[in-house]
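[1] The following comprises the amino acid sequence and a computationally predicted model.
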Amino acid sequence: MGCHHGAITDFLDRPNEVMAVDLTPNGNYALLGLEDYSAVLFDVKRGGIQRTFYHTDRVRAVALSNDGKLAITGAEDQTAKLWDMNTGKELFNWAHADEVVTVALSPDGTRALSVAKYDKAVVWDTTTGKAIGELPLGASALRRGQTFTSARFSNDSKQLLTGNSDRLVQLWDTNKLKLIDHWTVPKRDPWKPTSAAILAVSFSGKSKQYFAVASNGYTHLLTR
């Protein structure tokens, strides 16, 4: 099987930093968040930009629905935007009080999450554009800038897994926005006052098993 890397290499050779990326399930397209105040849908196999989505500052976070029909982008302009991928139309523009650093879309595209540093984490209804509610970060965490650094919805959209900037992984009920369970992953060196951000989280496919990847290089299997 061949590797279609040439087009991506040509694109990435441009003087433009890629700040976030998400792939469609089949791997044919990549949504890239860029430092030039845009996000682009890139055709991985054939090369070329299919659509461009604009912000007024650097795009820090991107996510796609499983069917590729919706996308959410988050930027340093303190907004998260929901996009129709077929038309390129902006569906909703959600305002925050600081730069948006993490976004997620449920697999069925009915729920979205946007998280801003030193600000709230909101779950949105993508049909109405209205907030379902906020995940409780806590005032002390907000003051320290401890925010969600990764997030993923379950396949049935009923649960949300988040990781934060201080080794904490949390499992939420998406409808009630109540905490179901939580884990604090271990440090690389227990004797040093260092921490680690959770870079990625996922549902394992098995009941009550989850994965978390930390910035200290460890991947953790979490169980309930």
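    Looks like it arrived, so ask away.
[2] Now Ser154. Nearest residue, chain neighbours left out?
    Distances taken as C-beta to C-beta, 6 or more residues apart in numbering put Phe203 closest to Ser154, at 5.3 Å, once the chain neighbours are dropped. For glycine as for every other residue, the C-beta is placed from the backbone atoms N, C-alpha and C.
[3] wait, Ala75
    Ala75's closest residue in space is His55 (C-beta to C-beta, 6+ apart), at 3.8 Å.
[4] can you tell me which residues contact the one you found?
    Tyr37, Ser38, Ala39, Thr73, Ala75, Glu76, Asp77, Thr79, Lys81 (C-beta atoms under 8 Å, 6 or more residues apart in numbering).
[5] burial of the fifth one, as a residue count?
    Put plainly, it is Ala75. 29 (other C-beta atoms under 10 Å).
[6] residues contacting it?
    Gly33, Tyr37, His55, Thr56, Asp57, Arg58, Val59, Arg60, Ala61, Lys81, Glu99, Val100.
[7] Just list whatever residues bridge to the residue nearest to Ser154.
    On the basis of DSSP bridges, Phe203 is bridged to Tyr210.
[8] Quick check: it vs Ala95, distance?
    30 Å (C-beta to C-beta, to the nearest Å).
[9] Settle it for me: which of those two has more neighbours?
    Phe203 (18 against 12).
[10] just checking, the more buried one touches Lys158?
    No - Phe203 is beyond contact range of Lys158, at 11.0 Å (criterion: C-beta atoms under 8 Å).
[11] What strand or helix carries Leu91?
    strand 90-95 (DSSP states H and E).
[12] What of Ala30?
    strand 29-34.
[13] What pLDDT is listed against the closest residue to Tyr118 other than its chain neighbours?
    Closest residue in space to Tyr118, ignoring its immediate chain neighbours: Asp98 at 4.6 Å, by C-beta to C-beta, 6+ apart. The model reports Asp98 with a pLDDT of 93.
[14] Where do the domain boundaries of this structure fall?
    Domain assignment for the chain by automatic domain parsing gives 1-134, 145-224.
[15] Would you mind naming the helix or strand containing the residue lying closest to Ile49 once chain neighbours are set aside?
    What sits nearest to Ile49 in space, not counting adjacent residues and going by C-beta to C-beta, 6+ apart, is Val40, at 4.7 Å. Assigned by DSSP H and E, Val40 belongs to strand 38-43.
[16] What's the mean pLDDT across that strand?
    92.
[17] Show residues contacting the next helix or strand after it.
    Next along the chain after strand 38-43, taking DSSP H and E as the criterion, comes strand 49-54. With contacts defined as C-beta under 8 Å, 6+ apart, strand 49-54 is touched by 11, 29, 37-43, 71, 73, 81, 83, 85, 88, 90.
[18] at 6 Å what do you get?
    Contacts with strand 49-54, where a contact means C-beta atoms under 6 Å, 6 or more residues apart in numbering, come from Ser38, Ala39, Val40, Leu41, Phe42, Asp43, Thr73, Trp83, Gly88.
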